[in-house]
Each structure stands twice: as C-alpha cells, then as structure tokens.
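*Asks:* turn this into a structure:
(2 chains, ligands or ions: 1)
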Amino acid sequence: MAWEMVVGLEVHAQLLTDTKIFCGCSARFGAEPNSQVCPVCMGLPGALPVLNRKVVEYTLKVALATHCRVAPFSRFARKNYFYPDLPKGYQISQYELPILEHGWLEVTGADGGAKRIGITRIHMEEDAGKLLHPETPGADYSLVDLNRACVPLIEIVSEPDIRSPKEAAEYVRRLREILVYLGVCDGNMNEGSLRVDANVSVRPKGETRLGTRTEIKNLNSFKFLEQALAYEAERQIDLLETGGEVVQETRLFDTQKGITLSMRSKEEAHDYRYFPDPDLPPVVIDPAWIERVQADLPELPDDKRRRFQDEHGLPAQDADLLCQSRDLADYFEAAVRLHHNPKAVANWIMGYVLRELNKEGAPPITEAPVTPEHLAGMLDLVRKGEISTNIAKTVFDEMWATGKPPEVVVEEKGLRQITDTSAIEALVDEVLARNPKEVEAYRAGKTKLLGFFVGQVMRATKGKADPQAVNRLVREKLGAGP
Amino acid sequence: MDLVGRTIRELRAFLDRGEVTSEDLVRAYLDRIEGWNPRINAYITVTAELALEMARAADRRIRSGQAGPLTGIPVGLKDLLITEGVRTTCGSRILEGFVPPYDGTVVARLRQAGAVFLGKLNMDEFAMGSSNETSAFGPVRNPWDPERVPGGSSGGSAAAVAAGLAAAALGSDTGGSIRQPAALCGVVGLKPTYGRVSRYGLVAFASSLDQIGPLTADVADAGWVLEAIAGHDPLDSTSIDRPVPALRDLQPEVRGLRVGVPREYFIEGLDPEVEAAVRRAVGVLEDLGAEVREVSLPHTGYAVATYYLIAPAEASSNLARYDGVKYGLRVAGEDLIDTYRKTRAAGFGPEVKRRIMLGTYALSAGYYDAYYLKAQKVRARVAEDFRRAFQQVDVIACPTTPTPAFRLGEKVDDPLQMYLNDIFTIPANLAGLPGINVPCGFTAQGLPMGFQLLAGPFEEEILLRAAYAYEQAAGIKRPKPALG
Ligand SMILES: [Zn+2]
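*Replies:* Numbers count the residues shown, from 1 in each chain, chains lettered A, B, ... in the order given. Reported below is the predicted structural model:
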C-alpha cells in the first residue's frame, strides 16, 4: 500500500525584545544565573504581570509577514502545571483567543511548484526558567536559573499540510528566515531561540481522514527534524502494516541513535486547566497600530527575491542565495550601488565572500574585512582594466587578510596591470624567440598553442599584463592564424 | 491624654499641634498591643522596633512641616500585604520563614505618606474564611466577646481597630473579607471598586475579586486612608487609570440621594435584630432627605454558588507557586513529586485544601464549561442586575451580614453555613463595586451590628458621603469594648 505522511509543526520562537514579556528585566541570553530576575519573573507572592507592548508589536510584524489575521481582541490564559523551572506553577500563554490566526507560508511542493502551508495560529507566551544539573557525581539536587523565565516567545502552529521531511525543513527554513528578516528572533536553533515540535501521522494515500498522531518534542536542527520525521513515519507505517496500532503519545528524538522514543502517553498527558488570566486585561489591537507596524515592515525574503530577479536581472538561484539573509542581501545591494554590474557582484559574493564567511571562526558579514565598498572598488579596477580578473582574486584575498582597500593593495603589492604595449611586445618577441619549435607548429596549424604563448607571457609579467592585449599581440606576431 | 481609640483626624490634630509625638503614640499603641494582643490575637507579627524607627522619622517630618495626612499615624497591615524585610505569612504555614524582598504598592504608598507600621495582622489562611478560625496562627477573638469570632478573613484588622490596637488597618476583600469582620467588630470597613487600589504586593487569593481597603474607627477615616492608597499603578494591569476624588472633606449631605433597598437581601435567615437595625439605618437616611425605594437584584441567590466556583478556581492556580522549591516551607520527599505533595500537605490548612480541590475540579477538562464558564456567565448577570439598579438609584442599602458575631467553633465544621455568612457581601465582589460597612448599633447582647452601602463603579465619594451623613445623624456612640 502507498502511504502518505501528514505533519503539522509547532515552532517556538524567542523574541528579541530588550526586556521580558511581563516585567522589566533584561531578556538577554548568557548572563550569570538569576541575575536578570525580579519579583514578577521569580513568581514571588503578590507580584503581577504587565504586558510588554514591544512583544505585541513584534508579533504583529510576524502577522503581516505570514498573512495571519490579527484578532482585534485576544486574551492571555494560564496553563497550569507543576515544575521547578516554572515559578508561578503556571505559564502565561494564550489559549482560546490567540492574537493571530489563519496565515500561510509558501514552500516548494512535491511537483516543484509553490505550495501553501497553512498557519493555524500564532500566540504569545512566556518562557520557563532552566534547570541546571550539577556535574558532581551523586549530587542529589538541581539548580534553577530564572533568567529565561518570562522571556517572550511566540508559538507558531501550522496546519497538518506538510507531506515530507523536506517540506517540513523548508517550512521551518522559510519561517526562520522571515523571523530573522523581521529582526524579531535570532533564529538560533542551537541556543533554543527556535524550537520545533512535530505532530506526525500516516495514512494510506487517497485517504482524507487523519491517522492517529504522535508528537515529537524538541527537534533542534534541520537535520534532526528531517531524520526524526522520516523515522517516525516509517515506524508508524511498519506498525500499521504488521497489524499494530499507533498510540497517541509524546515522543522524544534520540539524536545519537536517530530514533524516536515514547515519553508519555495520552493518559499520562497533563490537564493544563487553561483559564483566562485574571491579572491581564484582554489585548485589544487598534487597526492604526497594525498600519504603523506595516509602515515599518522591512522587505520580506520572498519580495526581495522577486525584486533581485526583476531589478538586478539575477537568475532565480542567485537571488535565492543572496536573499538567505537580510545582511547578505544588503551587502550585495551596497556593492551594486557602487559597481553597476549585478551579475559580477553576485558572482564574487557567491564565489568568494561566502567561501570566506563559511570558514570556521569567520566574522558575520556585517563585519567582513572586505566591505561592499572594497568589493565594488576592486570590480571597478577590473572593469577599467587596471587589474585582471585573475589578479583580482589575489587582491581579494589580500583585502580579506588585511582589510585594506583595493587601490592600496594593488599599489603596495605592485599588481597594477601592464598596459604599456611596447613593454608587452618586447616580452612577446622574447617568448617567440625562445620557442621556435612551437612557433613553427602553430604556423603549421596547431593553433591550440596560442594559450601556451599567452601563458608564457603572462608568467613573465607575473600575471600583471592585460591578457587580452597579450592575446592580440601574440596573434599579430605569429602573423597567420585562424 | 487617652491616645488609643482615637480617630486618625484626632491624632492628626494632636500631632500637628505638637501635643504628642508619633513616638508617644506608637509607644501607647505598642503598650496596648502588649497588654491585649495575647488575648485578642489580632497581630501575627508586631514590628515594635520598625514602628519606633518609622515614628521618629515621622516626627522629624512633622517638625519640618512636611507632614501629610497619615504621617505619624500608627496602622496595622493584614498579613497578606507584602512588606519588604518583614515576614509575610498569609496566615499560613506554607510561607514559613518568607521575608519578602519588596514592598507592595499600597505599602510603599503608606510608607511614603509617613504612616507607621505597628505590625502584621492575623487573618484566615490565604484570606479563605469568614471567622478567622482558619489561620495557622490561631483564631482572632472578637474584642466585644472573646468567645466569639471577629469575622474574616480580615479578622485581625477589624479586631485591632475595634480594640484600639491600631488607629487604622488595611484589609482585603474578596467576598466580604473587609466588610463582614467590620460588621462583626463594629468598625467601618470599605471595599473599593475593583481596580481602584493596586493589587501589586497583595498576595492573591482570587485575582478578579481581591481588593485592598481600609478598616477604620469611622467613615471619615476610611476616606482618609482610601485617598492615600488609591490610584492607578502601572505595576497592576487591572488597576484603572482614573483620578482619585478628594475624600478627606466629606459633606454629610444626602438630600435627593436615591437609596435602593434590594428585596432579595431581606430573606429567611436574616437575624431579626440585624434586619431591624438595617431598616432603622435606612430610615435615618430617609429622614435626612434621601429618597428610598425598593430595587430588585434578581440573581442575588446565585451569587454564593458562583463565587465558590470562580474564587477557588483562581485560587487553585494562584496558590500553585507554593511548592517548596523557592521560598517558604519545604518538606523533603522521596522525589520531586513527593516533595510537592508533602510540602503542600503540611503547609496548607483544611479550608485552603478544600478550595484548591474545588477550584482544580472546576477548571478540569470536561468540567470547565459546566462550572467555571457557567459561573462567569452568572457573574455577568449579577453585574447586570447592579448596572440596572444603579440606573434607578445612587446607592444601595442592605445588611452586611445575616447575623452578628457567632461563637468560635460554631460553624467551623460546616463550610456551607460558613459560606452563607458572605451572602450579602459577595455580589459586590462579583460586580466589582465599592461597598462599605457602617456600624449601626448593638444587639441586646451587646454585639455590634452594621449595615452595608453599595454604589456604582468608582462612586466611592457618593458611598462615603452617604455613610458619613448616616454616621453623623445616627450619632451612634463608639463605646469601647470592655476588654478584660
Ligand atoms: Zn523580572
């Protein structure tokens, strides 16, 4: 039987606001444990939450980028459960009335065309703290760090529209790209700024009803996401094909073994006893607020890709690559503004800038030693014939190593192209004189030897001669030619 | 000069004229507390040193001409108001050893006003009770008859003011917890409109119902204290940004004031002596020129049941933070879950446990709609009753409690009987309205009685004016309870 996998994703994204969602503490990552806490985020008796408006603003940005409908009226609710990292004994989240609903994102479908993945809802909530387990063997305690407690999150819940691990990964990639573009999330999956849970079921192809699903928690990389989904679908299909049954449960992905393991069954599932939080009035969104956010919205990845193709005439693949991050796209455009040959700029960025940036320990593109100005300046030198494309590679490496502008590098290293024809002519004569056999062979019709002569001349100039001029002169001197 | 048992205004005059110092006052109150508290048990914690220190600071301020209305006035705080550096117990074992690192907003405002804190007042555990018998620190006794309860949950606050153990006190009112003990102890108790006073630093019982308010010797004092603590607080999202009216210069003027008497509040079970006293009080207002008419609040009968779903539901969540992990009591168990169980089993008393279970049940999957959601709908009906009534009248006059103070132990084993004590006070909490208990005489046995006035949202000024006019005209003497 042919099977189909059905996947819905729940993505938690940490918002990059300066302060926490319900108090004034810093929301920054990496401080000393319990150094960014106050009565509110520690859940002290008597303390009350006050909503950070920045969180709503960031969420509205996400709404506009994911085609979601903004609820004019939404509510916070309490999700009640006991855990030591949860200081109040409940998490403030949204339940019945989330702030955003009915959105979508586009991914590439199985047929290669665009496919919409529905977004059921997006809601705001607070993060929990972190448990620290001491490394001392035999330690019978754990420590709690509440710096992360009350840090703002949004949870983005997709429709069960995803049909393959590849689609799932692309959906998360697109989502992550949007969040990073908007500047509302750093998208760092290792540090947990972006966490993915997946609901997975399988059904015979053609069946419209959903099968029993399992939930896989905490898929913290694209690789693990794809692996876990592939494994889980396979596991469920095996079960069903051998007369077994899928049990509705929460499963955990074992990244070592590449398998999913049962965590808790439906019967053991918590009853969270959600109810509207009486400490927080409803969130009322004025349409004027949405308009203000819209006006401040940066260009989104898909729009930028389209524009890079239309305006800069780039092929789709180049546009795709350059728009993978806002900083990279900005870098490209800054260089194109100075050197008006988009394709040349794109090639250099894709070929050389990215090569350097992908190296271990490379700085972020905003701090790249070769600035867009330098790159554009270097390409200007190539166009003006002051250096050859080949020499440009040397200039680029030197600029990357030293951070110096191209003119300085060319000057210091003496890389300026030899444009004095008489000097080149002399060298050509010399080369021809040194290689009489080859000259004869060439004249006899072995025209492939042209490259040999040009190469000899170029070597003699340490690459600084204009290859085209050399080419022309060699042909002239050899007289006849094709 | 007799310093205890005076109103804030009298003490203010003494202080401003330099006839006494705040330190003299505080010493007099501390003496009286030392003498009487062992019998009344109104205070859980007496902060004698802090009080003297604050008094001396207040005296300096008075001498420099910087005194405000409450500067140097000794007050007591219900022990669910968070006080920096002073243990806050909520009348519970579970908060054993908890010394808050911060001040609640109201406490901070009183501190800024220069009021002097005598200590923390006894209460029903987590404000759950109507007799002060659920306190982990022992029951408070009614100063008028130590065999009787003072009411609750602000029983310590009411008893302290009645017995002259504080010039004024703060309490909190979730279903009548200020007004009911005020009635049973013969003092004034004011519950402000929900949102009028910040709840930041009030340990939550039921967040959508809780409100801090004053218990005072008379109506004018209540205005003085309310004015000092009321007003918008950015730290409490449910506090309302509205100007606080001037409440320190009330006029005893009720001519033309429309007074509604709700027929649903005069029911079986209402003590005849109380009923007669309330009707006499209404008569006084009428004699003063108020227009009295009957009104109907048809959903009154559902208020107690509604309250006992909503309040425990919120409480079950509010009290989840007492888990032995971060502060307060911890009874170590085999593992994490066992520690939770043992800590909460040992830390909470039976009434608190009962309400946590009630509330947990009401919010459970499959029951939420039938209980919690339904209760919210009824709550809206109760509020709508009042909205309509206040289109016809300016204030509503009714009993505060069905009976005068009952005996210790009389109802403690019968939760339903106990819950019915708040039958007349709960509706105002459900509707978020201001209400006040005004003493209106004594029973033949010498127990105090009070009647209740209610007003529309943020109409505290009208409420206090009506109460003040009554108090002035009725000329009810404030005999001190014959302690000992
Ligand atoms: Zn904080």
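
*Asks:* CA atoms for contacts and neighbours, from now on please.
*Replies:* Fine.

*Asks:* for residue B:345, helix, strand, or coil?
*Replies:* Recorded secondary structure, residue B:345: helix (DSSP: H, G, I helix; E, B strand; the rest coil).

*Asks:* quick one, what contacts it?
*Replies:* Going by C-alpha atoms under 8 Å, 6 or more residues apart in numbering or on different chains, residue B:345 touches no other residue.

*Asks:* gap between it and residue A:344?
*Replies:* To residue A:344, residue B:345 is 74 Å away according to C-alpha to C-alpha, to the nearest Å.

*Asks:* can you give me how far the helix or strand where residue A:437 lies is from the chain middle?
*Replies:* Assigned by DSSP states H and E, residue A:437 falls within helix A:436-443. From the chain centre to the centre of helix A:436-443 is a distance of 56 Å (C-alpha atoms, centre = their mean, to the nearest Å).

*Asks:* now that helix: buried residues?
*Replies:* Along helix A:436-443, these residues count as buried under the neighbour rule (16 or more other C-alpha atoms under 10 Å in any protein chain shown): A:438-439, A:442-443.

*Asks:* out of the residues you listed, which comes closest to chain B?
*Replies:* Set against chain B, the nearest of the buried residues of helix A:436-443 by C-alpha to the nearest C-alpha is residue A:438 (88.0 Å).

*Asks:* ok, and the closest non-adjacent residue to the closest one?
*Replies:* residue A:449 (7.2 Å; C-alpha to C-alpha, 6 or more residues apart in numbering or on different chains).

*Asks:* likewise for residue B:463?
*Replies:* Nearest to residue B:463 is residue B:455, by C-alpha to C-alpha, 6+ apart, at 5.8 Å.

*Asks:* got the contact list for that neighbour?
*Replies:* B:390, B:394-396, B:433-435, B:462-463.

*Asks:* give me the phi and psi angles of the spatially most central residue of chain B.
*Replies:* For chain B, residue B:178 is the residue whose C-alpha lies nearest the centre (C-alpha atoms, centre = their mean; 2.1 Å). For residue B:178, the backbone dihedrals (degrees, to the nearest 10) come out as phi -100, psi -50.

*Asks:* and it, how far is that from residue B:404?
*Replies:* Applying C-alpha to C-alpha to residue B:178 and residue B:404 gives a distance of 15 Å.

*Asks:* ok, back up a step: which strands or helices does the helix holding residue A:437 pack on?
*Replies:* For helix A:436-443, there is no helix or strand it packs on, judged by 3 or more C-alpha pairs under 8 Å, 6 or more residues apart in numbering or on different chains; DSSP states H and E.

*Asks:* any idea how far residue B:466 is from the residue nearest to residue B:463?
*Replies:* 10 Å.

*Asks:* in contact with the residue of the stretch 51-200 of chain A found nearest the ion, which residues?
*Replies:* With C-alpha to the ion as the measure, residue A:150 is the residue of the stretch 51-200 of chain A nearest to the ion, at 7.1 Å. Shown in contact with residue A:150 (C-alpha under 8 Å, 6+ apart): A:20-23, A:41, A:126-129.

*Asks:* over to residue A:366. Which of the three states is it?
*Replies:* For residue A:366, the assignment made with three-state DSSP gives helix.

*Asks:* run a quick neighbour tally on it.
*Replies:* By other C-alpha atoms under 10 Å in any protein chain shown, the residues close to residue A:366 number 13.

*Asks:* surely it meets residue A:325?
*Replies:* No. Counting by C-alpha atoms under 8 Å, residue A:366 does not reach residue A:325; the two are 11.2 Å apart.

*Asks:* what residues does chain B put near chain A?
*Replies:* For chain B, the residues in contact with chain A (C-alpha under 8 Å from any C-alpha of the partner chain) are B:81-82, B:102, B:104, B:199-204, B:207-208, B:234-238, B:314, B:317-318, B:320-321, B:325-326, B:360, B:363-365.

*Asks:* after the lowest-mean-pLDDT helix or strand in chain B comes which helix or strand?
*Replies:* Lowest on mean pLDDT, DSSP states H and E among the helices and strands of chain B sits helix B:415-419, with a mean of 81. Downstream of helix B:415-419, the first helix or strand assigned by DSSP H and E is helix B:426-431.

*Asks:* ok, and what's touching that next one?
*Replies:* B:173-176, B:194, B:209-210, B:300, B:303-304, B:307, B:379-380, B:382-383, B:386, B:434-435, B:454.

*Asks:* keeping just the C-alphas, turn stretch A:104-117 into CSV.
*Replies:* The C-alpha coordinates for stretch A:104-117 follow below in CSV (Å, rounded to 0.1, in the frame of the first residue of the first chain):
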residue,chain,number,x,y,z
TRP,A,104,0.2,30.7,5.5
LEU,A,105,3.7,30.3,4.1
GLU,A,106,4.8,29.1,0.7
VAL,A,107,7.2,26.2,0.2
THR,A,108,8.2,24.1,-2.8
GLY,A,109,5.7,21.3,-3.2
ALA,A,110,6.5,17.7,-4.5
ASP,A,111,5.7,18.8,-8.1
GLY,A,112,8.2,21.7,-7.8
GLY,A,113,5.5,24.3,-7.8
ALA,A,114,4.7,26.6,-4.9
LYS,A,115,2.7,25.0,-2.1
ARG,A,116,1.0,26.8,0.8
ILE,A,117,1.4,25.5,4.3
